[in-house]
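**Student:** quick one, structure for this:
(4 chains)
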Protein chains: 2
Amino acid sequence: MDTICSIEPGDSLIDMETLERVAPVIRNVAHPLRLRILDYLDREGEPRSVSEIMAAADADQPIVSQQLRILKDQGVLMARRDRNFVRYEIAERSVLLLLACIRSHQGARK
Amino acid sequence: MDTICSIEPGDSLIDMETLERVAPVIRNVAHPLRLRILDYLDREGEPRSVSEIMAAADADQPIVSQQLRILKDQGVLMARRDRNFVRYEIAERSVLLLLACIRSHQGARK
DNA sequence: CCATAAGATTATTATATCACTATATTAACA
DNA sequence: TGTTAATATAGTGATATAATAATCTTATGG
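**Tutor:** A predicted model of the protein is given here:
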């Protein structure tokens, strides 16, 4: 069957390779607790320990550690050990666009 | 890379209610095929039929219909019947921020 | 009414993610 | 060496999401 609407080769749709690469990252970030963690780290502006993040997120330690690992595995966060603390900070600042978007829509239309 | 959106001291964290509301929407959009569909509809600028979207996404009909339904259920797309075609268009334009972000990072590092 | 085209829904099976509990690691220090 | 604080990992069962195939619905034209 003939194409009803042909897509020209010159069209600049984002290539599937890129979409398949970034989708999991966005998808992993798009989790309430992980967004909260990122929001907190973004606002603090400096590396924060797991304990501090637990307090900010009001969540249990294993859950927080798990979320931190997911974010670190995706390259969104980086961790650095300091004595017996581990401090996390944002490594991939492009995710902040997501937060900026959410902040600007806070309380807005559904 | 500098801050995308400066944060004033004293600002509070995004409330969990908001995060829990927007996370599923972002998460649902963050799927390669759905991103491709949104990219296509965004670039076309006008409602497109399922057949046209199938061609653009290079995907089977039931899969495309399913993705369209997910996006419509989330309020990201809206549909309108025209004879025996159904034309979809973007209803929630804030998701375009995501696409803009991806486009700007296309072909970038890592 | 029948056939066909355009879409939508359902069923199935595999995989992924969730929160939670329990346990393990790691480093400081007594 | 033993203890404790800080963090990480592993196991578990419930729920969610994936791609695919098969079937159903709706609208048009003969």
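
**Student:** let me see the contact set for A:Glu17.
**Tutor:** Residues near A:Glu17 by Cβ atoms under 8 Å, 6 or more residues apart in numbering or on different chains: none. Glycine gets a C-beta too; all of them are placed from N, C-alpha and C.

**Student:** in what element of secondary structure is it found?
**Tutor:** Using DSSP states H and E, A:Glu17 sits within helix A:16-29.

**Student:** report the rounded mean pLDDT for that helix.
**Tutor:** For helix A:16-29, the mean pLDDT works out to 93.

**Student:** do stretch A:49-57 and DNA strand C meet?
**Tutor:** No. Applying Cβ under 7 Å from any atom of the strand, one finds stretch A:49-57 separated from DNA strand C by no less than 10.7 Å.

**Student:** with stretch A:23-37 instead?
**Tutor:** Yes. Counting by Cβ under 7 Å from any atom of the strand, DNA strand C has neighbours in stretch A:23-37: A:24, A:27-28, A:31-33.

**Student:** nearest residue to A:Glu92 in space, please, no chain neighbours.
**Tutor:** Of all residues not flanking A:Glu92 in the chain, A:Val76 sits nearest, at 4.8 Å (Cβ to Cβ, 6 or more residues apart in numbering or on different chains).

**Student:** am I right that A:Ser94 is in contact with B:Cys101?
**Tutor:** Yes. Taking contacts as Cβ atoms under 8 Å, A:Ser94 lies within contact range of B:Cys101: 6.5 Å.

**Student:** buried residues, whichever strand or helix holds A:Leu38. List them.
**Tutor:** When elements are assigned from DSSP H and E, A:Leu38 belongs to helix A:32-44. Buried residues in helix A:32-44, counting neighbours by 16 or more other Cβ atoms under 10 Å in any protein chain shown, are found at A:32-43.

**Student:** and chain B, which of the residues you listed reach it?
**Tutor:** By Cβ under 8 Å from any Cβ of the partner chain, the members of the buried residues of helix A:32-44 lying near chain B are A:32, A:35-36, A:39-40, A:42-43.

**Student:** what residue lies at the spatial centre of chain A?
**Tutor:** Taking Cα atoms, centre = their mean as the criterion, A:Val29 is the residue nearest the geometric centre of chain A, at 3.3 Å.

**Student:** so where's chain A uncertain?
**Tutor:** Where chain A drops to pLDDT under 70, the residues are A:1-11, A:107-110.
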